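# okay, here's the prediction I keep looking at, along with the sequence it came from:
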Amino acid sequence: MSTFLVEIVTPERKVYAETANMVSVKGIAGELGILPNHIPLVTPLRIAPVSIKRDGKVDVLAVGGGFIEVRKDKVVILAESAELASEIDVNRAQAAKQRAEERLAAKRDEVDFKRAELALQRATNRINVTER
């Protein structure tokens, strides 16, 4: 089976760089499955897990939004944040989720509500990735 290079980069560092057989992401328009020789594509990503299949193994990362660029032989994900499941502090993620839920329940103003909603999505994503 043919492969392609997958790189996941955040403003702080290169989080992931491996050859893969398939990448699954959630774009703004829905879920995407990227295989070798996929047509070129650039699209925004949702806060969601990214699954990378390689050599019978699956790597899952918690990606906090960003963009994916698909080329014939390479996929680059430019993410606001990205963590491998092994790097995630579950207790910290659960505490962040609880704080976000409390802020949402308080219903203060529009800005706090949107920030709390995004914080809840990021925390839930991180927790879900560790449970896979």
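Yep, that arrived.

# any idea where the helices of the chain begin and end?
For the chain, applying DSSP state H gives helices covering 90-106, 110-131.

# pull the helix or strand with minimum mean pLDDT from this protein.
helix 110-131 (a mean of 81; mean pLDDT, DSSP states H and E).

# what packs against that one?
Packing contacts for helix 110-131, counted by 3 or more Cβ pairs under 8 Å, 6 or more residues apart in numbering; DSSP states H and E, involve strand 41-54, strand 57-70, helix 90-106. No exception for glycine: its C-beta is placed from N, CA and C like everyone else's.

# for the residue sitting nearest the centre point of the chain, report the pLDDT, please.
In the chain, the C-alpha nearest the mean C-alpha coordinate belongs to residue 63, at 1.9 Å (Cα atoms, centre = their mean). At residue 63, the model reports a pLDDT of 95.

# name all residues that make contact with it.
Contacts for residue 63 (Cβ atoms under 8 Å, 6 or more residues apart in numbering) come out as 8, 25, 45, 47, 48, 49, 50, 77, 79, 81, 82, 125.
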